[in-house]
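Visitor: Here's a sequence, model it:
(one chain, ligands or ions: 1)
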Amino acid sequence: MPVTTPYPRTLPRFPLEDGRLGSGPAKIRREQLDRFVADPDGVLGTSHRKEPVKRLVGRIQRGLLELFGAPAGYEIVLGNGGSTAFWDIAAASLIEQRAQCLDFGVFGNRMARAAAAPWLATPDVRTAPHGELVLAEHAPDIDTYAWAHNETSTGVVAPVWRVGQADGAITLIDGTSAAGGIGFDAANADVYYFAPQKNLGSDGGLWVALVSPAAAARAERIAASGRFIPEFLNLHLAIEQSRKQQTLNTPAIATLMLLDSQLEWLLAQGGLGWAASHTRSLATKIYDWADQCEHAFPFVANPALRSPTNAVIEFDRRVDVKAMSAMLRSCGIVDIDGYSGVGQNQLRIGTYVSVTETDIDQLLRNFDVLVPHLLAGSEATAAR
Ligand SMILES: *Cc1c(COP(=O)(O)O)cnc(C)c1O
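Guide: Numbers count the residues shown, from 1 in each chain. Just a heads-up that it's a prediction; the model follows:
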């Protein structure tokens, strides 16, 4: 199958204004890019140890605390390496002895693998089949509970809640594809970490974490315990740097600028409440479409678990989704293929907060044209 298959000429075609409907990296709004030309604060090409960049970092920290409605004492910490780096930071700096990790998709599985570090006890890994959810369960020997708020690979959204706190356990939530697009009660997480290339309209390579006083104290205690911790994975060091609006080493200033402009926009639109209802309404359009289509259905069977930010749709096996995705590229749509190894014949659509209703409507109009076309093609092949 060639990479781009032309959209059949005889069929109506519905182009999108912006076809970046991938699950990450994701759409960056045009207005965000305009900032680079103006660069009013003159931060590009300047040191992260100097005032202009520190002011930018401070604005991001305040913006995120406001966006999340963070309880008093919580702080925003940042460093280089993206969410993947944070899994190793958790193993090096946050897990005391043993973690309980929920594996209901590819990203949760990767956190579980990081928690299997040789200096820790074997993690208690609870798994669910792709498309389903498993919840944490209190256990006396667990000091850290970890799962993803939104499992981007399967399109399952999970609750952010407290399993064990009375015994000093902490809760670590991977919010990478949820942050800025799904509401939650920040008081229920000790560390809510993410990289900003999804709802937060920025680029990859940075990790950001909302950290509770209990988690900061845990990181400080482990750092002082004599455990060998590489500097890059030392969360206590990162916290000290972040308190000075800095990172351990040089960050991409452009990534910070994009994050800052997206936060300003999100807060002006109405914050997380607005964002959550916007993403939910985009995803609902897609799930409703699949529910009424005879040849497609939402991959996540339980409506309550369906992600508002990543709609995963399974198609009838006779509909060649690879061909459909290739045809859609001629309407500017990129990156809506399913996550490799998840499901049989599916597409996965990122309905992050920057996406518009109009573009989702156009996408669905194309589906309405292409699904019967591909089905007819497959029946013709079968008849031959
Ligand atoms: C995208 C994603 C990641 C990976 O982020 P990187 O910055 O590439 O490391 C991790 N977890 C979840 C839930 C994601 O959606």
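
Visitor: Would you pull up the residue in this protein closest to the ligand?
Guide: Nearest residue of the chain to the ligand: Gly82, at 2.8 Å (CB to the nearest ligand atom). Placement of C-beta: from N, CA and C, glycine included.

Visitor: how close does Ile313 sit to Ser307?
Guide: Using CB to CB, to the nearest Å, Ile313 is found at 12 Å from Ser307.

Visitor: Neighbour count for these two, which is higher?
Guide: Taking other CB atoms under 10 Å, Ile313 and Ser307 do not tie; Ser307 has more neighbours (31 against 25).

Visitor: returning to what we had before: burial of the residue of the chain closest to the ligand, as a residue count?
Guide: Neighbour number of Gly82 under other CB under 10 Å is 20.

Visitor: what's the pLDDT at it?
Guide: At Gly82, the model reports a pLDDT of 98.

Visitor: For the stretch 51-200 of the chain, what lies in contact range of the ligand?
Guide: Residues of the stretch 51-200 of the chain lying close to the ligand by CB under 6 Å from any ligand atom are 82-84, 107, 148, 152, 174, 176-177, 195.

Visitor: now those residues as CSV including distance to Arg329?
Guide: CSV is the format used below for these (distance: CB to CB, whole Å):
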residue, distance to Arg329
Gly82, 27
Ser83, 27
Thr84, 28
Phe107, 26
Ala148, 29
Thr152, 21
Asp174, 30
Thr176, 26
Ser177, 23
Ala195, 26
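
Visitor: Same list, those, but as a markdown table with secondary structure and distance to Asp124 please.
Guide: Listed next are those as a markdown table, based on DSSP: H, G, I helix; E, B strand; the rest coil; distance: CB to CB, whole Å:
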| residue | secondary structure | distance to Asp124 |
| --- | --- | --- |
| Gly82 | helix | 26 |
| Ser83 | helix | 22 |
| Thr84 | helix | 22 |
| Phe107 | helix | 18 |
| Ala148 | strand | 16 |
| Thr152 | coil | 23 |
| Asp174 | strand | 17 |
| Thr176 | coil | 23 |
| Ser177 | coil | 24 |
| Ala195 | coil | 26 |
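
Visitor: Of all pairs in those residues, which one is the farthest apart?
Guide: Gly82 and Ala148 (14.4 Å; CB to CB).

Visitor: In the stretch 101-250 of the chain, what residue spans correspond to helices?
Guide: 106-114, 213-223, 235-242 (DSSP state H, counting those that start in this stretch).

Visitor: and these as a markdown table, adding mean neighbour count?
Guide: Below are these laid out as a markdown table (neighbours: other CB atoms under 10 Å):
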| stretch | mean neighbour count |
| --- | --- |
| helix 106-114 | 21 |
| helix 213-223 | 19 |
| helix 235-242 | 21 |
